[in-house]
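>>> only geometry, no sequence info:
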Ligand code: IPM
Ligand code: MG
């Protein structure tokens, strides 16, 4: 018997715990029907951890994340904690995990599933079949650069500072992840920065270009300024396959790309570290949607992004492609059958809540695995 896989589950705040509950049924289903056993630990993060323990994530939780084979994360934050200072906000939980575990490559797919093509705010013809993968650098750039802070000047006014910094190795390692993905997909990669105004962007462009020429001559590499990329994503999103970019531009562009699909509630993500000797690669999986405090506690949240995050976990951390595909197909089939949570509701469909959606996925899994 192979050793059980170790998962750390961090539901977090808002709708996080509600959607995670449905995913746990899928995890149990996998153990029952596919003989895939997980050892599951759970912990508090975000506002829930601040309330219970005074910090967004404890050193013990970080240590457990480091020992886990994979982390399944929900969402953090909410109005209750918005007034807290920068050193103790719910968001610190996810930023700490990215930094401490070296999770530098944030993979954010934007896929338009056929049954949801009309949910997009863009015309169906522009987005039908859309399948973009944004690879966002996630442990560097302006999010972590020094110096940073707010200082008071001699005249009593203040000065806020953040610094965009990238080194060659940081650019290379995230670009390799993107080049490798491009190779497995259409063979096209678009690198995005502001080389026209930022030195860090110029270094980014030069580094990606050199890496492409040296190691990936078969991948068709293009470059785009970040502002133009935002425009092109809205104008003609299907021109893109894999996009690689820094932390801040990736944050913005992935929100834009996700909305092209019409539903934030549908999109998963993976954040990967470097493969380590012995084979373990730290990895965290989370839906792109936040904690959605406006609908939290009402049973209305769409659990599919969290389900699909679990599917990504199976695929990227454990190479369990067949099981991942089973979950993905179950989600698509449930949507095709006309069940919809309010975020993706369409005329003629049946509106359901979080739990009914979760049960429908389980029923579909039973059918697919019969
Ligand atoms: C994201 C979020 C985070 C980020 C916040 C919650 C810190 O917006 O994952 O995109 O800015 O990276
Ligand atoms: Mg964001």
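Arrived safely, thanks for sending. All values derive from a computational prediction rather than experimental measurement. Ligands and ions are numbered 1, 2, ... in the order given.
>>> residue 103 reaches residue 139, doesn't it?
Yes. Under the criterion of Cβ atoms under 8 Å, residue 103 makes contact with residue 139 at 6.6 Å. The way it works is simple: take the backbone N, C-alpha and C, and place the C-beta from them, glycine included.
>>> now for the one residue in the chain that gets nearest to ligand 1: which residues touch it?
Residue nearest to ligand 1 within the chain: residue 91 (3.9 Å; Cβ to the nearest ligand atom). By Cβ atoms under 8 Å, 6 or more residues apart in numbering, the contact set of residue 91 is 46, 56, 76, 77.
>>> got TSV for those, with secondary structure, pLDDT and distance to residue 343 too?
Listed next are the contacts of residue 91 as TSV, based on DSSP: H, G, I helix; E, B strand; the rest coil; pLDDT from 0 to 100; distance: Cβ to Cβ, whole Å:
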residue	secondary structure	pLDDT	distance to residue 343
46	coil	98	21
56	coil	98	26
76	coil	98	19
77	coil	97	18
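>>> for the residue of the chain closest to ligand 1, phi and psi?
phi -60, psi -20 (degrees, to the nearest 10).
>>> which pLDDT value belongs to residue 2?
For residue 2, the pLDDT comes out at 60.
>>> let me know how buried residue 237 is, in neighbour terms.
Residues near residue 237, counting by other Cβ atoms under 10 Å, number 21.
>>> residue numbers of the protein in contact with ligand 1?
The chain comes close to ligand 1 at residues 91, 94, 95, 251, as judged by Cβ under 6 Å from any ligand atom.
>>> ranges for the helices of the stretch 101-250 of the chain?
124-127, 168-184, 199-215, 226-235, 247-260 (DSSP state H, counting those that start in this stretch).
>>> kindly apply the preceding question to the stretch 251-370 of the chain instead.
Under DSSP H, counting those that start in this stretch, the stretch 251-370 of the chain gives helices at 304-318, 321-336, 354-369.
>>> helices and strands around the second one, which ones?
Meaning helix 321-336. Packed against helix 321-336 by the contact rule (3 or more Cβ pairs under 8 Å, 6 or more residues apart in numbering; DSSP states H and E) you find helix 16-34, helix 304-318, helix 354-369.
>>> backbone dihedrals for residue 11, please?
phi -70, psi -40.
>>> that one and residue 93 touch, don't they?
No. Residue 11 is not in contact with residue 93 according to Cβ under 8 Å; the separation is 11.4 Å.
>>> ok, these two, which is more surrounded?
With neighbours defined as other Cβ under 10 Å, residue 11 and residue 93 compare such that residue 93 has more, 29 against 26.
>>> quick check: which element contains that one?
Using DSSP states H and E, the element containing residue 93 is helix 92-100.
>>> run through the stretch 1-150 of the chain and note the low-pLDDT ranges.
1-2 (pLDDT under 70).
>>> recalculate using a threshold of 90.
The model of the stretch 1-150 of the chain has pLDDT under 90 over residues 1-4, 31, 33-37, 85-87, 113-115, 118-119.
>>> tell me which residue is most central in this structure.
residue 269 (2.5 Å; Cα atoms, centre = their mean).
>>> contact partners for the residue lying closest to that one once chain neighbours are set aside?
Excluding its sequence neighbours, the residue lying closest to residue 269 (Cβ to Cβ, 6 or more residues apart in numbering) is residue 108, at 4.8 Å. Residue 108 makes contact with 133, 134, 135, 136, 250, 254, 257, 258, 267, 269, 288 under the criterion Cβ under 8 Å, 6+ apart.
>>> before we move on, what about residue 179?
189, 211, 212, 215, 216, 219.
>>> just the residues you listed now: which is nearest residue 156?
Nearest to residue 156 out of the contacts of residue 179 is residue 211 (Cβ to Cβ; 47.8 Å).
>>> now render the contacts of residue 91 as TSV, adding distance to residue 298 and neighbour count.
Listed next are these as TSV, based on distance: Cβ to Cβ, whole Å; neighbours: other Cβ atoms under 10 Å:
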residue	distance to residue 298	neighbour count
46	19	29
56	24	29
76	19	30
77	17	23
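>>> hey, what's the residue nearest to the centre of the chain bridged with?
Taking DSSP bridges as the rule, residue 269 bridges to residue 286.
>>> spatially nearest residue to residue 138 (excluding sequence neighbours)?
residue 106 (4.0 Å).
>>> check residue 54 too.
Nearest to residue 54 is residue 88, by Cβ to Cβ, 6+ apart, at 7.9 Å.
>>> my read: that neighbour touches residue 57, true?
No. Assessed by Cβ under 8 Å, residue 88 is found out of contact with residue 57, at 10.6 Å.
>>> neighbour count winner among those two?
Higher neighbour count among residue 88 and residue 57: residue 57, with 25 against 12, using other Cβ under 10 Å.
>>> sorry, back to before: and the angle for the helix holding residue 93 with helix 247-260?
Interaxial angle of helix 92-100 relative to helix 247-260 (axes from the mean of the first three to the mean of the last three Cα atoms, to 10 degrees): 120 degrees.
>>> for helix 92-100, which outside residues touch it?
10, 12, 45-46, 49, 55-57, 62, 65-66, 71, 73, 76, 103-104, 106, 138-139, 143-144, 271, 284, 286.
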